[in-house]
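Asks: Predicted coordinates and the sequence they were generated for:
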Amino acid sequence: MMEETRLKLIAAARLAFAEKGFANASMDDLTATAGLTRGALYHHFGDKKGLLAAVVAQIDGEMAERARQTGEQALTGWAALEAQGLAYIEAALDPEVQRIVLLDGPAFLGDPSQWPSQSACLEDTRMALTEMFEAGVLKPVDIEAAARLLNGAALNAALWVASSGDPHATLPKASAAFKLFSSGFLAT
């Protein structure tokens with residue numbers, strides 16, 4: 001029952017935040033949509049910002065999963081890692097991702113690199129780079145630094161696409177630059 005209540009609140013908030021933005025979404029409206037009270041929201045999330053963090057985590061997790069699935073189609077570990085980064089950047093074209101994760105998330109929750117979902121992506125990147133380094137695919141490089149730079153590049157490219165005046169025109173530029181940047185880690 002508690003998990004069901006939590007999921008109802010997240011679903012209602014996700015719709016409200018996507019449609020109206022975090023600042024303009026009314027707690028009363030979204031709890032009414034979920035058929036719940038403000039008390040349920042406070043109990044499960046502490047406040048509206050806690051609810052935003054849960055929604056961002058859910059969507060960011062979905063973005064990471066789609067990126068992983070895209071990477072699974074690649075023929076090599078490097079191609080998979082690059083495809084995942086590009087898929088994350090491309091997700092910035094989705095209006096829900098733009099509004100909730102890439103615009104409102106940083107504005108109200110702070111630095112995305114500190115979010116738990118981003119920490120999980122960083123760990124996945126670190127593990128993949130370690131395997132590739134041991135296989136001789138990468139130039140000599142500090143794995144922690146490489147993982148942070150690759151994840152940061154993908155995140156910042158996605159932020160740029162989402163906040164640009166023309167995301168569809170910005171995406172190819174961001175993707176090309178990401179590919180050029182990331183290829184610098186390859187041994188040859």
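Replies: Received it, and whenever you're ready, just let me know what you need. Since the structure is predicted, the reported quantities are computational estimates derived from the model, not experimental observations.

Asks: now the longest helix along the chain, how far from the chain's geometric center?
Replies: In terms of residue count, the longest helix belonging to the chain (DSSP state H) is helix 48-72. From the chain centre to the centre of helix 48-72 is a distance of 6 Å (C-alpha atoms, centre = their mean, to the nearest Å).

Asks: Helices of the chain, residue ranges please.
Replies: Secondary structure of the chain, counting by DSSP H: helices at 2-20, 27-34, 38-45, 48-72, 77-90, 95-96, 105-109, 116-134, 143-163, 167-183.

Asks: on that earlier part again, report the angle between the longest helix of the chain and helix 77-90.
Replies: Helix 48-72 and helix 77-90 are oriented at 140 degrees to each other (axes from the mean of the first three to the mean of the last three C-alpha atoms, to 10 degrees).

Asks: Let me see the domain layout of the protein.
Replies: Structural domains annotated on the chain: 1-46, 59-183, as defined by automatic domain parsing.

Asks: which helices and strands sit right next to the helix or strand bottoming out on mean pLDDT in the chain?
Replies: Every helix and strand of the chain was ranked by mean pLDDT, DSSP states H and E. The lowest is helix 27-34, at a mean of 88. If you count contacts as 3 or more C-beta pairs under 8 Å, 6 or more residues apart in numbering; DSSP states H and E, helix 27-34 packs onto helix 2-20, helix 38-45. To be clear about C-beta, it is placed using only N, CA and C from the backbone, and glycine gets the same treatment.

Asks: Dump it to PDB, restricted to CA.
Replies: Output in PDB follows, covering the C-alpha atoms of helix 27-34 (Å, rounded to 0.1, in the frame of the first residue of the first chain):
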ATOM      1  CA  MET A  27       0.800  20.400  -4.600                       C
ATOM      2  CA  ASP A  28      -2.900  20.500  -4.100                       C
ATOM      3  CA  ASP A  29      -3.600  19.800  -7.700                       C
ATOM      4  CA  LEU A  30      -1.200  16.900  -8.000                       C
ATOM      5  CA  THR A  31      -2.200  15.300  -4.800                       C
ATOM      6  CA  ALA A  32      -5.900  15.600  -5.900                       C
ATOM      7  CA  THR A  33      -5.000  14.000  -9.200                       C
ATOM      8  CA  ALA A  34      -3.400  11.100  -7.300                       C
END
